[in-house]
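Visitor: Structure for the following, please:
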Amino acid sequence: MDISRRSLLGASALAFGPLALTLTGCSTGSSSSSSGSGGSNDFTLWTWPEGYSEDTLKAVKEKFPDINFRQNVIGGDFKQKLTTTFSSGSGLPDITGVKGEDIAFFRSKTDYFEDLNDLGAKDIKGDYLDWKWEQATAKDGKQLGVPIDIGPTALFYRIDVFEEAGLPFEPAELEAAIRTWDEFFEVGKELIANKPGTYLIRNISGVFSTSYRQSGKGFIDEEGLFIGDQDHVREAWDLSVKAHQAGINAALDSNTTDAAAAVNEGRLPADFGASWHLADMKVDAPETAGKWRVCKHPGEAVNQGGSFLTIPKGAKDPKKSFEILSFILNAKNQAVEYTFSGNFPAATEAHSMPEVDGEVEFLGGQKAAEVFSAAAETVRPLYEDPNSEAVIAPFTAELEQVEASGKDPEKAWNDAVTASKRIAEQSGIKVN
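Guide: Here you go, the predicted structure:
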């Protein structure tokens with residue numbers, strides 16, 4: 001739970017895609033320039049591993065034969081690389097990705113970007129999900145980016161393990177059996193009773209991060225007020241502790257060899273995740289292909305991830321950059337990228353395209369897009385402040401203490417709230 005494929009791919013590239021990207025700062029495309037904007041016909045896109053597929057890069061080349069287009073894949077801390085480059089004012093790409101977890105920060109740095117409304121963004125806005133589009137809209141109305149993908153969540157699970165444990169195992173049956181968190185926990189108890197050493201939950205931080213988002217509220221509201229001590233967070237905390245006390249928690253850190261082994265061996269046969277989590281499982285457990293299915297998890301879906309393409313202020317030809325950006329992110333190319341990386345399209349037209357709507361071999365031929373498309377329609381937009389990650393961190397750390405050392409949950413809660421409020425105050429957030 002609470003696993004990030006992109007952090008995993010920072011260390012190694014996906015093995016199953018047509019584009020193997022394993023080098024920091026490597027480039028793909030037709031241009032000979034190595035960085036920055038290059039010559040007048042050279043256009044550079046910055047992105048992170050996994051990058052865009054060869055199919056999409058080829059389509060760009062065919063659509064724009066008059067330019068030399070290059071994809072530069074940047075390893076390491078992508079946000080820091082962007083911030084440093086923007087601050088220096090030199091070596092800027094013509095187009096750059098911005099990760100979904102970083103867009104709140106960059107909304108406070110609008111001078112870094114071209115306002116895409118001036119370049120035609122209003123004409124394509126209707127092609128994308130409203131709530132995702134708005135994540136890249138600054139308070140002054142500037143449109144900083146166009147969505148690459150979204151991350152509506154669902155439950156991935158091993159159909160063979162659930163069947164062996166005597167549990168509902170067909171997607172529709174399991175979905176009906178776990179509409180509430182309590183029902184989900186009961187399934188976890190049955191699982192471990194019938195198959196000892198087999199856990200329904202990776203770690204309780206994953207329960208926490210999913211359940212508080214279901215409220216539609218985070219830790220800082222639109223007025224800049226700290227709300228991390230309110231009922232919606234406390235309820236998510238109590239739910240997480242309940243999962244731990246139920247004995248169904250594997251207490252495994254995400255992105256570790258132990259977690260990968262548990263997934264591969266069937267000891268962790270279920271996991272919350274967005275559509276891109278499919279790539280995690282292909283990396284962790286390639287030999288389990290065909291044994292997985294996906295269905296709606298307890299409560300409503302939330303969004304995890306989903307990034308953007310932007311145009312840096314000072315790009316040599318913003319109009320041309322926007323033409324390229326718009327083409328890369330049209331419905332057809334987003335559908336192609338879904339088959340490459342599992343990135344679920346933010347362009348709604350793509351949801352019914354065969355590349356998205358087709359059967360997924362790893363999921364036993366299930367049409368997974370039906371699950372994720374339905375989930376996308378129920379996601380409640382969540383306001384995220386640039387300081388959200390910092391104030392959330394103490395809660396995650398304290399839950400780990402409950403999990404690892406048996407710390408008293410009430411003391412852990414009080415310590416988390418105290419530390420989070422201190423960080424909020426230091427960050428200029430109002431605290432009552």
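Visitor: going forward, measure contacts and count neighbours with C-alpha atoms only.
Guide: Fine.
Visitor: who's in contact with the closest residue to residue 107 other than its chain neighbours?
Guide: Spatial nearest neighbour of residue 107, chain neighbours left out: residue 138 (5.3 Å); criterion: CA to CA, 6 or more residues apart in numbering. Counting by CA atoms under 8 Å, 6 or more residues apart in numbering, residue 138 makes contact with 107-108, 110, 144.
Visitor: Give me the buried subset of those.
Guide: 107, 110, 144 (16 or more other CA atoms under 10 Å).
Visitor: Now render the residues you listed as CSV, adding pLDDT.
Guide: CSV is the format used below for those (pLDDT from 0 to 100):
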residue, pLDDT
107, 93
110, 94
144, 98
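Visitor: Please determine how far the residue sitting nearest the centre point of the chain is located from residue 88.
Guide: Compute the mean C-alpha point of the chain, and by CA atoms, centre = their mean the closest residue is residue 305, 2.4 Å away. Noted for residue 305: a distance of 28 Å to residue 88, by CA to CA, to the nearest Å.
Visitor: and what of residue 125?
Guide: Residue 125 is 31 Å from residue 88, by CA to CA.
Visitor: ok, those two, which is more surrounded?
Guide: residue 125 (16 against 10; other CA atoms under 10 Å).
Visitor: quick one: the more buried one and residue 203, what's the gap?
Guide: 38 Å.
Visitor: again with residue 174
Guide: 21 Å.
Visitor: residue ranges for the helices of the stretch 301-432 of the chain, please.
Guide: For the stretch 301-432 of the chain, helices defined by DSSP state H, counting those that start in this stretch occupy the ranges 318-328, 331-341, 354-357, 368-378, 388-405, 409-426.
Visitor: okay, those helices, which one's buried deepest?
Guide: Mean neighbours per residue, mean count of other CA atoms under 10 Å, is largest over the helices of the stretch 301-432 of the chain for helix 331-341, with a mean of 22.
Visitor: How about residues contacting it?
Guide: Against helix 331-341 from outside (CA under 8 Å, 6+ apart): 17-18, 50, 52-53, 55-56, 148-149, 276, 279, 327-328, 343-351, 353, 355-356.
Visitor: Which of these are buried? Put it as a ChimeraX command.
Guide: Applying 16+ other CA under 10 Å to those leaves a buried subset, and the ChimeraX line that selects it is:
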select :17,50,52,53,56,148,149,276,279,327,328,343,344,345,346,347,348,350,351,355,356
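Visitor: Among the contacts of helix 331-341, which ones are in strands?
Guide: 149, 344-345 (DSSP state E).
Visitor: Distance to residue 239 and pLDDT added to those residues, as TSV?
Guide: Shown next, in TSV, are the ones in strands among the contacts of helix 331-341 (distance: CA to CA, whole Å; pLDDT from 0 to 100):
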residue	distance to residue 239	pLDDT
149	29	94
344	29	93
345	31	95
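Visitor: Nearest to residue 78, out of the helices of the stretch 301-432 of the chain?
Guide: helix 388-405 (16.2 Å; CA to CA).
Visitor: So between residue 174 and residue 203, which is more surrounded?
Guide: residue 203 (25 against 22).
Visitor: Isn't that one up against residue 248?
Guide: No - assessed by CA atoms under 8 Å, residue 203 is found out of contact with residue 248, at 9.3 Å.
Visitor: Partner strands of the host helix or strand of residue 70 and their direction?
Guide: Using DSSP states H and E, residue 70 falls within strand 68-73. Strand pairing for strand 68-73, determined by DSSP bridges: strand 27-29 (antiparallel), strand 42-47 (parallel).
Visitor: which stretch in these has the least confidence?
Guide: For the strands paired with strand 68-73, mean pLDDT drops lowest on strand 27-29, to a mean of 53.
Visitor: Please parse the protein into its domains.
Guide: Per the record, the chain has its domains at 5-151+306-365, 153-303+382-426, by automatic domain parsing.
Visitor: Kindly reformat those domains as a markdown table containing distance to residue 432.
Guide: As requested, the domains of the chain are arranged in a markdown table below (distance: least, CA to CA, whole Å):
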| stretch | distance to residue 432 |
| --- | --- |
| domain 5-151+306-365 | 23 |
| domain 153-303+382-426 | 8 |
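Visitor: And those, which one averages the lowest pLDDT?
Guide: domain 5-151+306-365 (a mean of 85).
Visitor: and that one, how far out from the chain's middle?
Guide: In terms of CA atoms, centre = their mean, to the nearest Å, the gap separating the centre of domain 5-151+306-365 from the centre of its chain is 14 Å.
Visitor: how about the helices in the stretch 151-300 of the chain?
Guide: Counting by DSSP H, counting those that start in this stretch, the helices of the stretch 151-300 of the chain are 159-164, 171-177, 181-194, 204-213, 231-245, 257-265, 277-284.
Visitor: Pull the residues that contact the second one.
Guide: Residues lying outside helix 171-177 but in contact with it, judged by CA under 8 Å, 6+ apart, are 167-168, 183-184, 293-297.
Visitor: Just the ones of those residues in strands?
Guide: Checking the contacts of helix 171-177 against DSSP E, those in strands are 293-295.
Visitor: If you rank the residues you listed by neighbours, which is first?
Guide: That'd be residue 294 among those, by other CA under 10 Å, with 30 neighbours.
Visitor: how much space between it and residue 302?
Guide: 15 Å.
Visitor: what's the distance between the residue nearest to residue 395 when sequence neighbours are not counted and residue 235?
Guide: Of all residues not flanking residue 395 in the chain, residue 416 sits nearest, at 5.0 Å (CA to CA, 6+ apart). Remark: distance between residue 416 and residue 235 (CA to CA) = 14 Å.
Visitor: ditto for residue 283
Guide: 34 Å.
Visitor: quick one: which of the two has more around it?
Guide: Shown here are residue 283 and residue 235; by other CA under 10 Å, residue 283 has more neighbours (20 against 15).
Visitor: Quick check: that one vs residue 261, distance?
Guide: In terms of CA to CA, residue 283 sits 11 Å off from residue 261.
Visitor: now swap in residue 307 and tell me
Guide: Distance from residue 307 to residue 261, by CA to CA: 29 Å.
Visitor: Pick out whichever of the two has more residues nearby.
Guide: Ranked by neighbour count (other CA under 10 Å), residue 307 and residue 261 place residue 307 first, with 24 against 14.
Visitor: thinking the more buried one is in contact with residue 144, fair?
Guide: No - Residue 307 lies out of contact with residue 144 (CA under 8 Å); the separation is 11.7 Å.
Visitor: ok now stretch 159-167, how far from the chain's centre?
Guide: Chain-centre distance of stretch 159-167: 28 Å, with CA atoms, centre = their mean.
Visitor: Most tightly packed of the helices of the stretch 151-300 of the chain?
Guide: With neighbours taken as mean count of other CA under 10 Å, the helices of the stretch 151-300 of the chain reach their highest mean count in helix 204-213, at a mean of 24.
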